[in-house]
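Chemist: Pasting a predicted model and its sequence here:
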Amino acid sequence: MLPTENRLRRREDFAAAVRRGRRAGRPLLVVHLRSRTDPHVPGGEIPPPRAGFVVSKAVGNAVVRNRVKRRLRHLLRDRLSLLPPGSLVVVRAQPGAADADHVELARDLDAALRKLLNGPPHRSAASGDSPRNPGSEPGGRAQ
């Protein structure tokens, strides 16, 4: 079980992590991470990281879905210390997660978290980080 303070429960929080967070997909699961943002924080305190799980009917019947959720909760509980304070995490199980064992789920979760936590930051084209046209120079003519 995840501690109460680490559970993601509100629909708005799930939506914030999925829509505005970064995503890392693996064969068995997809992890969405929105770092260091929590709209429900009063004042300046930083809350602990919170996690939620999405396991659709495509994964299996209720027994299978609950087993997958229990395994994912157990795996993520041991990895909460890796997450930045105030972050929101949503783990979405893919249909293959139903047949996966504990080791396979752990491998995919670790790979997704590693990609999200150590990956390069998102760069937008508006920030000026896009490559220039190689045939032109600033303030000059192309030859």
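Modeler: Yes, it's here. Numbers count the residues shown, from 1 in each chain.
Chemist: quick one: low-confidence parts of this structure?
Modeler: The model of the chain has pLDDT under 70 over residues 36-44, 119-143.
Chemist: so where does the residue most central in space within it fall, helix or strand?
Modeler: With distances taken as Cα atoms, centre = their mean, the residue of the chain nearest its centroid is H32 (2.1 Å). Assigned by DSSP states H and E, H32 falls within strand 29-34.
Chemist: what's that strand in contact with?
Modeler: 16-18, 20-24, 72, 83, 87-94, 97, 105, 108-109, 112-113, 116-117 (Cβ atoms under 8 Å, 6 or more residues apart in numbering). Just so you know, the C-beta spots here come from the backbone N, C-alpha and C atoms, and that holds for glycine as well.
Chemist: Whichever helix or strand comes after it packs against which elements?
Modeler: Counting by DSSP H and E, the next helix or strand C-terminal to strand 29-34 is strand 50-54. Contacts defined by 3 or more Cβ pairs under 8 Å, 6 or more residues apart in numbering; DSSP states H and E place strand 50-54 against helix 11-20, helix 62-77, strand 88-93.
Chemist: Mind listing the residues bridging to the residue nearest to the centre of the chain?
Modeler: Bridge pairing for H32 (DSSP bridges) gives the partners R23, V90.
Chemist: what about it, distance to D13?
Modeler: The gap separating H32 from D13 is 11 Å, by Cβ to Cβ, to the nearest Å.
Chemist: Kindly report the same for R50.
Modeler: In terms of Cβ to Cβ, R50 sits 7 Å off from D13.
Chemist: so what sits against both of those two?
Modeler: L88.
Chemist: of these two, who's got more company?
Modeler: Neighbours per residue, other Cβ atoms under 10 Å: of R50 and D13, the larger number sits with R50, 25 against 19.
Chemist: Contacts only, for that one.
Modeler: Counting by Cβ under 8 Å, 6+ apart, R50 has contacts E5, N6, R7, L8, D13, D38, S87, L88, V89.
Chemist: Of those residues, keep whichever come out buried.
Modeler: With burial judged by 16 or more other Cβ atoms under 10 Å, the buried subset of these is N6, L8, D13, D38, S87, L88, V89.
Chemist: Would you mind listing which of the contacts of strand 29-34 are buried?
Modeler: 16-18, 21-22, 24, 72, 83, 87-94, 97, 105, 108-109, 112-113, 116-117.
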